[in-house]
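Asker: give me coordinates for this.
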Amino acid sequence: MYEVKVLDGGFSTQLALHVGERIDGDPLWTARFLATNPDAVYATHLDFLRAGSDIIETNSYQASIDGFMKYLNASKEESIKLILKAVECAKKAVETYCEEVMTDDRNISNPKPLIAGSCGPYGAALHDGSEYNGWYGSQISPKIIKEWHRPRISLLLDAGVDFLALETIPCKEEAKILVELLKEFPKAKAWLCFSCNDDGKTIVDGTNFQEIAIQCYREAQPGQIIGIGVNCIAPQYVTPLLKGINKEDSTDFIPLVVYPNSGEKYTVTEGWKKDGECYPSHQFVYEWLNFGIRYIGGCCRTQAADVKKIRTEVNEWIKTKNSTV
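Answerer: You can find the predicted model right below:
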C-alpha cells in the first residue's frame, strides 16, 4: 500500500486572510500573532485541516526566545510560553477538526492529523533574507547555531509535537549541525528540507543538493530523519533536484519531502514579486510522487485552496497505484 502525507500550505498567506494585516517584513513574521492574535493562528491551522492536510506545522518557523525578547520586549519565561503556545494552537485545531469529522459520513482523507514542529533556519531570525543565501554557515560558529536551535527544538518536543520540520536550511554547515543536534533527542523524528537554487543542482550556498541531503540522511541516527527534500522553491525547479535520488534498481529507498512556494521570489526590500511564469504545484503532483515523495504540500504564497487541489491529486495517485499492486 502506498502512503503519502499531505502537508499544509503557506501559513503567513492563509493567516493574512484572518488578520487583515501586513505580515511579511515583520522580524517575528507570523510568530508575532502567537502573542497578539492566537485565535487567528488556531483558525489558520483549521483551514488547512479542512482542506485535507494530514500534517500541520506549528507557527514557530521564525519563533525564538531571543527574538521574542528583542522584538516583543518579553521575558525569557514569556518567550518560552509563546513557543509552547504555538503547539497549543495546533493541538486545539486538531481537536476541533477531529470532533467535526467524527460526525461526518464522508470518507475523510485525513481523519487523524499530525503536528510537525516548524524549525526555520538560524538565518530566518536574522531578518535579512539569509535563508536564501546561507552566508552565515561559514561565518558563524557552529556552537552558536546549535545553541540557538536547541531550546526551541527541546520545547517543541516537550510540548508533544509528533515530529520536527527542519526547513529552508540554506547551508551545509547548518544541516550537519541539526543532524548532530537531533542525536541529543534520540526519540525525536524530523524531516530535513533545504533552500535551493533554481539550477536544479545546488542549495543556496552552492553545495550540491543531492550529495548533502543523502549525506545527512545516512549520517543521522537510524530512523530519525523521516524524509529529506526541498521547500520554498518554485514548483518547476523541483524535479531536477529530486530525480534520481531513488533509482528503480536501488534497495535504499529515501522518503522525499517537497512543499514549494507559489513561484514568486522574495526580497527583504520588495517582498514577494513574480519572476516569470508561476505554475501551481498540483500540476506536478503525479510526477513528483513517482520519484518517492512521501510528504507533499505548499510553502509561501500558497493557501488552503491550493492544499485542497494537492489533496485531490494525491488521492487519485494513491488510488491508481494501490489498484495495480
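
Asker: where along the stretch 1-150 of the chain do the helices fall?
Answerer: Ranges of helices in the stretch 1-150 of the chain, per DSSP state H, counting those that start in this stretch, are 11-19, 33-36, 38-51, 65-71, 76-102, 122-126, 142-158.

Asker: okay, those in TSV with mean neighbour count, mean pLDDT and distance to Phe253 next?
Answerer: Using the backbone N, CA and C atoms, a C-beta is placed for each residue, glycine as well. TSV is the format used below for those (neighbours: other Cβ atoms under 10 Å; pLDDT from 0 to 100; distance: least, Cβ to Cβ, whole Å):
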stretch	mean neighbour count	mean pLDDT	distance to Phe253
helix 11-19	21	94	30
helix 33-36	20	96	37
helix 38-51	22	98	28
helix 65-71	18	95	38
helix 76-102	18	96	29
helix 122-126	22	91	31
helix 142-158	17	97	26
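
Asker: now the ones you listed in JSON lines, with distance to Thr251?
Answerer: Shown next, in JSON lines, are the helices of the stretch 1-150 of the chain (distance: least, Cβ to Cβ, whole Å):
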{"stretch": "helix 11-19", "distance to Thr251": "37"}
{"stretch": "helix 33-36", "distance to Thr251": "44"}
{"stretch": "helix 38-51", "distance to Thr251": "35"}
{"stretch": "helix 65-71", "distance to Thr251": "43"}
{"stretch": "helix 76-102", "distance to Thr251": "36"}
{"stretch": "helix 122-126", "distance to Thr251": "36"}
{"stretch": "helix 142-158", "distance to Thr251": "32"}
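
Asker: for these, which one sits closest to Asp198?
Answerer: helix 122-126 (18.5 Å; Cβ to Cβ).

Asker: for the closest one, packing partners?
Answerer: Helices and strands touching helix 122-126, by 3 or more Cβ pairs under 8 Å, 6 or more residues apart in numbering; DSSP states H and E, are helix 142-158.

Asker: just checking, what packs against the helix it packs on?
Answerer: Contact here means 3+ Cβ pairs under 8 Å, 6+ apart; on that basis helix 142-158 packs against helix 65-71, helix 76-102, strand 114-119, helix 122-126, strand 163-169, helix 172-182.

Asker: starting at the chain centroid, how far to that helix?
Answerer: Counting by Cα atoms, centre = their mean, to the nearest Å, helix 142-158 is centred 17 Å from the centre of its parent chain.

Asker: contacts for it?
Answerer: For helix 142-158, contacts defined as Cβ atoms under 8 Å, 6 or more residues apart in numbering pick out 58, 60, 63-66, 80, 83-84, 86-87, 117, 119, 122, 125, 136, 164, 173-174, 177-178, 180-182, 184-185, 188.

Asker: now do stretch 89-102
Answerer: 34, 38, 41-43, 45-46, 49-50, 56-59, 108, 111-113, 115, 160-161.

Asker: give the contact list for Ile225.
Answerer: So Ile225 contacts 179, 182, 189-192, 216-217 (Cβ under 8 Å, 6+ apart).

Asker: try 6 Å this time
Answerer: Applying Cβ atoms under 6 Å, 6 or more residues apart in numbering to Ile225 gives the contacts 192, 217.

Asker: try Glu313
Answerer: 282, 285.

Asker: likewise Pro170?
Answerer: 121, 123, 131, 134, 195, 204-205.

Asker: circling back to that earlier point, so which of the helices of the stretch 1-150 of the chain is nearest Leu256?
Answerer: Closest to Leu256 of the helices of the stretch 1-150 of the chain, according to Cβ to Cβ: helix 38-51, at 20.8 Å.

Asker: by contact count, what packs against the closest one?
Answerer: helix 11-19, helix 76-102, helix 304-324 (3 or more Cβ pairs under 6 Å, 6 or more residues apart in numbering; DSSP states H and E).

Asker: can you list those in JSON lines and add distance to Val257?
Answerer: Shown next, in JSON lines, are those (distance: least, Cβ to Cβ, whole Å):
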{"stretch": "helix 11-19", "distance to Val257": "17"}
{"stretch": "helix 76-102", "distance to Val257": "19"}
{"stretch": "helix 304-324", "distance to Val257": "13"}
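
Asker: hmm, back to that, of all the helices and strands packed on helix 142-158, which lies closest to Cys232?
Answerer: The nearest among those, by Cβ to Cβ, is strand 163-169 at 5.3 Å.
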